[in-house]
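Engineer: fold the following for me, if possible:
(chains A and B)
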Amino acid sequence: MMGPDVTWYLAVSGLLFAIGALGVLIRRSPLIVLLSLEIMLNSANLALIGFARHYGDSSGQVFALAVMAVAASEVVVGLGLIVALNRARVALDVDSLSTLRG
Amino acid sequence: MGNVLVWIVWVVAAFGCLGSGIAVVSFSNPFYSALALIGNLASLAVLYLLLTAEFVAAAQVLVYAGAVMVMFLFVIAYLGSRADVPFGAPSWQAIAAVVATGVILVDVVVAIGLTAGGRLDEQADIEASFGSPREIGTVFLTDHLLAFEITSIVLLAAAVGGVVLGSGRENP
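Structural biologist: Sure, this is the predicted structure:
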């Protein structure tokens, strides 16, 4: 099966990483910052799986699964922080989170 | 014929992926952003299938589009309208963010080009079982057993952390 080769997948991966980085940098809602982080992790996964196919080595796919578990953990902790912020009546705006006092 | 079909599927999935990524970043309502991220994850799963990573594609749909996004949608529903933070006026910070993103993109392209530039022409031949659950499981539990165990500890720590963060007292 001859489809697009790994360069095309890497191009999509790089662009997706840039989109996620833009979301992290430009948005002020912590929820959308978390969603953009997910995009960045997934773009790294796409590059890993593309290289796994290219070199015929399934270790890349295994590592993509490990990244998926780390991403799920990060979402749990991040959403827990957002809920805790909401309970502490702090505005949900990353610009206003200038102190880390409990 | 099969070649053209693969290209058509690739183009649809790749542009769906990039378009829904831009949608995630640009919606001001986080609910729509989360829905766009589900589309992004689904089109990524199609790309994984094209790369013969069946098990990872299935895990992507189950873990991400299933569990993680449901958790996101619950939190967004819990926060209600407090979760909406629209774009501010274009400030020097926004311009700096766009410039920094361009720098990151150039950085990624240069890093990939320098490390893998000449070796991306020939694609390795793979067996029919490449990416199947059996092969992934074998590799995971033999070559990468330590990573597997560490992953389980990370998930346990995240579960405990989520409970601790979520069960705090009301305005202590």
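Engineer: just say helix, strand or coil for B:Ala124.
Structural biologist: What DSSP: H, G, I helix; E, B strand; the rest coil gives for B:Ala124 is coil.
Engineer: separation between A:Glu74 and B:Pro133?
Structural biologist: Separation of A:Glu74 from B:Pro133 (CB to CB, to the nearest Å): 25 Å. Just so you know, the C-beta spots here come from the backbone N, C-alpha and C atoms, and that holds for glycine as well.
Engineer: hmm, I typed the wrong one, I wanted B:Leu145.
Structural biologist: Where B:Pro133 is concerned, B:Leu145 sits at a distance of 17 Å (CB to CB).
Engineer: try B:Thr115
Structural biologist: As defined by CB to CB, B:Thr115 lies at a distance of 31 Å from B:Pro133.
Engineer: quick one: pLDDT of B:Met1?
Structural biologist: B:Met1 is assigned 65 on the pLDDT scale.
Engineer: equivalent analysis for B:Phe72, please.
Structural biologist: 89.
Engineer: check the one 10 residues further on too.
Structural biologist: B:Arg82 is assigned 75 on the pLDDT scale.
Engineer: ok, it - contacts?
Structural biologist: B:Arg82 makes contact with A:Asn86, A:Leu92, according to CB atoms under 8 Å, 6 or more residues apart in numbering or on different chains.
Engineer: can you map out the helices along chain B?
Structural biologist: For chain B, the helices defined by DSSP state H cover B:2-26, B:30-50, B:54-59, B:69-79, B:92-116, B:133-142, B:145-166.
Engineer: any low-confidence regions in chain B?
Structural biologist: B:1, B:86-90, B:168-172 (pLDDT under 70).
Engineer: let's see it at 50
Structural biologist: Where chain B drops to pLDDT under 50, the residues are B:172.
Engineer: okay, now the domains of it?
Structural biologist: Taking automatic domain parsing as the criterion, chain B consists of the domains B:1-85, B:87-116, B:129-172.
Engineer: highest mean neighbour count out of those domains?
Structural biologist: Among the domains of chain B, domain B:1-85 has the highest mean neighbour count (mean count of other CB atoms under 10 Å in any protein chain shown), at a mean of 18.
Engineer: how distant is that one from the center of its chain?
Structural biologist: 8 Å (CA atoms, centre = their mean, to the nearest Å).
Engineer: for stretch A:89-102, buried residues please.
Structural biologist: If you call a residue buried by 16 or more other CB atoms under 10 Å in any protein chain shown, then stretch A:89-102 has these buried ones: A:Leu92.
Engineer: export that stretch to PDB, keeping only CA atoms.
Structural biologist: Extracted C-alpha coordinates of stretch A:89-102, given in PDB (Å, rounded to 0.1, in the frame of the first residue of the first chain):
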ATOM      1  CA  ARG A  89     -13.700  31.800  44.100                       C
ATOM      2  CA  VAL A  90     -10.700  32.700  42.000                       C
ATOM      3  CA  ALA A  91     -11.400  34.100  38.600                       C
ATOM      4  CA  LEU A  92     -10.700  31.400  35.900                       C
ATOM      5  CA  ASP A  93      -8.100  33.500  34.100                       C
ATOM      6  CA  VAL A  94      -4.500  32.500  33.900                       C
ATOM      7  CA  ASP A  95      -3.400  36.100  34.000                       C
ATOM      8  CA  SER A  96      -5.000  36.600  37.400                       C
ATOM      9  CA  LEU A  97      -3.300  33.500  38.900                       C
ATOM     10  CA  SER A  98      -0.200  35.400  39.900                       C
ATOM     11  CA  THR A  99       0.300  33.800  43.400                       C
ATOM     12  CA  LEU A 100       0.500  30.200  44.300                       C
ATOM     13  CA  ARG A 101      -0.600  30.700  47.900                       C
ATOM     14  CA  GLY A 102      -3.000  27.900  49.100                       C
END
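Engineer: check whether that stretch comes near chain B.
Structural biologist: Yes: judged by CB under 8 Å from any CB of the partner chain, stretch A:89-102 comes into contact with chain B at A:Arg89, A:Leu92, A:Asp93.
Engineer: state the distance from the first one to B:Leu165.
Structural biologist: If I follow you right, that is A:Arg89. According to CB to CB, A:Arg89 stands 16 Å off from B:Leu165.
Engineer: no further queries at this time; thank you.
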